[in-house]
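Engineer: Provided below for reference: sequence and predicted model.
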Amino acid sequence: VTGTTLNVSGTSSGGNGGGLFSDARVSFSSGTAVSLTNSRAGNSTSAADGGALSLSSLAVEDSALLIEGARASGAGGAVSARGTGGVVFRQSQVVLRDTSSVGDGGGIHTSSPLWSVTVVQSNLSFDGTSAQGSGGGVAT
């Protein structure tokens, strides 16, 4: 997604990715403004990852990302990344507010030992993120 505005609100999934699910890399760049609010992944009978985003890898460059009120019954209250590409925030404004998971990573969860979360010249804010497992903000 390049140079546009994307707003997703009040969505849910019984599986992974309450707001957006992708088996590929997702990139937001060149002034894109993304807002994902009040999204849910999973339910009381199934554990699901990525309350707002469940994807292979994520790149946010020269853009703004707000995830607020996301919940996951599995890992990654806001973002669950399960591929080999990494999570990269470069020259961006990223806010994760009031996100939670029953598993690990109340804000961001990566599930591969090769994964990392890279922040370059960006503002990354965790406000009210929590996990019942490891990493209230980030678990890699």
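Structural biologist: Great, that's in hand. Numbering: from 1, shown residues only.
Engineer: from here on, just use CA atoms for contacts and neighbour counts.
Structural biologist: Fine.
Engineer: find the residue closest to Val1 in space, skipping its chain neighbours.
Structural biologist: Leaving out its chain neighbours, the residue that sits closest to Val1 by CA to CA, 6 or more residues apart in numbering is Phe28, at 5.0 Å.
Engineer: quick one: residues contacting the one you found.
Structural biologist: 1-2, 34, 59-61, 63 (CA atoms under 8 Å, 6 or more residues apart in numbering).
Engineer: among those, which lie within strands?
Structural biologist: Those of those mapping onto strands are 34, 59-61, per DSSP state E.
Engineer: redo these as TSV? Include pLDDT, distance to Ser100 and neighbour count.
Structural biologist: Output for the ones in strands among the contacts of Phe28, formatted as TSV (pLDDT from 0 to 100; distance: CA to CA, whole Å; neighbours: other CA atoms under 10 Å):
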residue	pLDDT	distance to Ser100	neighbour count
Val34	96	19	20
Ala59	95	21	18
Val60	96	21	26
Glu61	97	24	23
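Engineer: how about those in CSV, adding distance to Ala75?
Structural biologist: Shown next, in CSV, are the ones in strands among the contacts of Phe28 (distance: CA to CA, whole Å):
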residue, distance to Ala75
Val34, 21
Ala59, 19
Val60, 21
Glu61, 24
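Engineer: name the nearest of those residues relative to Ala24.
Structural biologist: Ala59 (11.4 Å; CA to CA).
Engineer: what pairs with the closest one across the strands?
Structural biologist: Beta-bridge partners for Ala59, by DSSP bridges, are Ser27, Val88.
Engineer: who's Leu2 bridged to?
Structural biologist: Heads up, residue 2 is Thr, not Leu. Ser29.
Engineer: and the residue most central in space within the chain, what does it touch?
Structural biologist: Centre of the chain computed as the mean C-alpha position; nearest residue by CA atoms, centre = their mean is Val79, 2.0 Å away. Residues counted as contacts of Val79 (CA under 8 Å, 6+ apart) are 49-55, 107-109.
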